[in-house]
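*Asks:* I would like to see how this sequence folds:
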Amino acid sequence: MGIEGEGTETQEKANDGLEVVGGRGFRYNSPLVQVALIGLVCFCCPGMFNALSGMGGGGQVDHTAANNANTALYTTFAVFGVLGGGIYNVLGPHLTLFAGCSTYVLYAGSFLYYNHHKDQTFAIVAGAILGVGAGLLWAGQGAIMTSYPPYNRKGTYISVFWSIFNLGGVIGGLIPFLLNYHRTAPSVNDGTYIGFMAFMSLGALLTLTILPPNKVIRDDGSRPAIVKYSNPSKECIEILKLFLNWKMLMIAPAAWASNFFYSYQFNNVNGLLFTLRTRGLNNVFYWGAQMMGSIGIGYVLDFSFRKRRTRGFVGVGIVATMATAIWSGGLVKQLQYSLEDKPDLLDFKDGGRFAGPFVLYFCYGLLDAMFQSLCYWVIGALADDSQTLSRYSGFYKGVQSAGAAVAWQIDTHKTPLLSQLIVNWSLTTVSYPLLIILITFALNDDEKVEAGNDRA
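*Replies:* Residues are numbered from 1 along each chain as shown. Sure, this is the predicted structure:
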């Protein structure tokens, strides 16, 4: 999409000739409603996918099929995450988001098939297709979440999105908990997968309610951008430039780390320590903790100090401090078991024995949301137009997915759990000084931030 200008009047006409009005209040064309809608889309699709993955092994006793499917998923996701921003700029939100969300239903269906036939081929192929779709969805989501809000409230809008999105994980965690409460088999029942598929189908339909950026009006009457759609050759050139953009190189380690720990936390904490029904219950609180974490860090990043750069420094300091404490607690627990010496499974009715590991898993969810919300806030501060931010978000998701693809194979090859924890801890720790550098030299403290303020 090419930027033609930014509206400054409170009353403007959209491309279809319909009059749309800015101003305060609840409006369908307001950034808040549109961010909430993309949150609902992600509630239904990635939110339910997270709940499915969070059970460990996709709800199966043998993690091999899920690990291989996730490796295929994140391999294609790494490619289409980077390309997704360009595709979004060419096709616009409706086609991009609808195509992306449709692939989630197929993935959940592949595990329904696996429940009966134990052939992982379908799951792996569905995972690869989902990687393509997820790349499209998350590039579009990133552009909407970071470009639609006003520049001085991006942390708040990220929190709104993250809370709605992770409510999907909360509801998704209740599905396996309730449907498998009395089940003694090690794998979840068919109804669990069918429930996930129903939500994912709804999410695909909800994408049709998202407005393009030139039809969204902020409370002050300005638009995120008035745009015309780009062309593939231009987008290819702009995407290639990202790999030489020093800002993207600074955020790449954080992107790599931001999903790397999922295989460890889902399979080797929740999957190894708890009974089947308790895993579902744990996920209710894991994703609930994400809602709390995003709201907390969003407040700090938008309201704690007058200068935006100072707020960024404080945000990094808080996340780094909490990460040190939480991963230290994880280290203490990890020293108590291994793949060769697995612990007895804990149930939520086990009282004190259950409490410590449960709190640890809860804190992992809290930290995940704070870390990723911080990363998105930094990305959103690097520019103000959806064209640039769709590419930045796509790059972030592509690198993130490449890291996840490696992580799932690390788990498949039975890498010692202590080694996995140390690598996860180290990767996140390395990213903090690089984020500090990015905030120091790339963020503007001016009250007025110009759109397109993204030159390397």
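*Asks:* can you give me how far the lengthiest helix in the chain is from the chain middle?
*Replies:* Taking DSSP state H as the criterion, the chain has its longest helix at helix 352-381. Taking C-alpha atoms, centre = their mean, to the nearest Å, the mean C-alpha location of helix 352-381 is offset from the chain mean by 12 Å.
*Asks:* Give me the below-cutoff pLDDT ranges for the chain.
*Replies:* 1-25, 55-63, 183-187, 225-230, 445-456 (pLDDT under 70).
*Asks:* Run through the strands of it in chain order.
*Replies:* Taking DSSP state E, the strands of the chain run over residues 2-5, 11-13, 19-21, 226-228.
*Asks:* Buried ones in the longest helix of the chain, by neighbour count?
*Replies:* Neighbour counts over helix 352-381 (16 or more other C-beta atoms under 10 Å) mark 354, 357-358, 360-381 as buried. From N, CA and C alone the C-beta is placed, and that goes for glycine too.
*Asks:* just stretch 148-168 next, same as before
*Replies:* Within stretch 148-168, the residues that count as buried by 16+ other C-beta under 10 Å are 148-151, 153-168.
*Asks:* Ignoring the adjacent residues along the chain, who's closest to I326?
*Replies:* C363 (4.6 Å; C-beta to C-beta, 6 or more residues apart in numbering).
*Asks:* ok, the nearest residue to I437 once chain neighbours are set aside - how many residues close by?
*Replies:* Distance criterion C-beta to C-beta, 6+ apart; nearest residue to I437, sequence neighbours excluded, is M250 at 5.9 Å. By the measure other C-beta atoms under 10 Å, the count of residues near M250 is 20.
*Asks:* again with the one 4 residues further on
*Replies:* Close neighbours of A254, defined as other C-beta under 10 Å, add up to 25.
*Asks:* Please apply the same query to Q409.
*Replies:* Neighbour count of Q409, defined by other C-beta under 10 Å: 17.
*Asks:* Quick check: chain neighbours aside, which residue is closest to it?
*Replies:* T71 (5.2 Å).
*Asks:* can you check V430 too?
*Replies:* Excluding the flanking residues, the one nearest V430 by C-beta to C-beta, 6+ apart is P253, at 5.4 Å.
*Asks:* before we move on, the earlier item: so the residue nearest to I326 touches G329, yeah?
*Replies:* Yes. Using C-beta atoms under 8 Å, C363 is in contact with G329, at 6.9 Å.
*Asks:* how close does the closest residue to I38 other than its chain neighbours sit to W377?
*Replies:* Once flanking residues are discounted, I38 sits nearest to I144: 4.9 Å by C-beta to C-beta, 6+ apart. Applying C-beta to C-beta, to the nearest Å, the value for I144 to W377 is 15 Å.
*Asks:* just P93 next, same as before
*Replies:* Distance from P93 to W377, by C-beta to C-beta: 22 Å.
*Asks:* Next up, phi/psi of I217, please.
*Replies:* Backbone torsions of I217, given as degrees, to the nearest 10, read phi -130, psi 130.
*Asks:* Now do the same contact list for S258.
*Replies:* By C-beta atoms under 8 Å, 6 or more residues apart in numbering, the residues touching S258 are 368, 371-372, 375, 400, 403.
*Asks:* okay if I get those as TSV plus distance to F43?
*Replies:* Formatted as TSV, these follow (distance: C-beta to C-beta, whole Å):
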residue	distance to F43
D368	17
F371	20
Q372	16
C375	20
Q400	20
G403	24
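*Asks:* with those in mind, which one is nearest to T64?
*Replies:* G403 (20.6 Å; C-beta to C-beta).
*Asks:* coming back round to it: tally up the residues packed near the residue nearest to Q409, please.
*Replies:* For T71, the neighbour count with other C-beta under 10 Å is 23.
*Asks:* Check H117 too.
*Replies:* Taking other C-beta under 10 Å as the definition, H117 ends up with a neighbour count of 9.
*Asks:* Same check on N89?
*Replies:* Neighbours of N89 using other C-beta under 10 Å come to 29.
*Asks:* Do I have it right that it meets S390?
*Replies:* Yes. Here N89 reaches S390: they are 5.8 Å apart, a contact under C-beta under 8 Å.
*Asks:* any common contacting residues for those two?
*Replies:* By C-beta under 8 Å, 6+ apart, no residue touches both N89 and S390.
*Asks:* Quick check: the gap between G351 and L174.
*Replies:* 22 Å.
*Asks:* Mind checking which of the two has more residues around it?
*Replies:* L174 (16 against 9).
*Asks:* ok, and the closest non-adjacent residue to that one?
*Replies:* V284 (5.8 Å).
*Asks:* List the contacts of that neighbour.
*Replies:* Counting by C-beta under 8 Å, 6+ apart, V284 has contacts 169-170, 173-174, 177.
*Asks:* Most neighbours out of those, which is it?
*Replies:* G169 (29 neighbours).
*Asks:* Many thanks, I have nothing further to ask.
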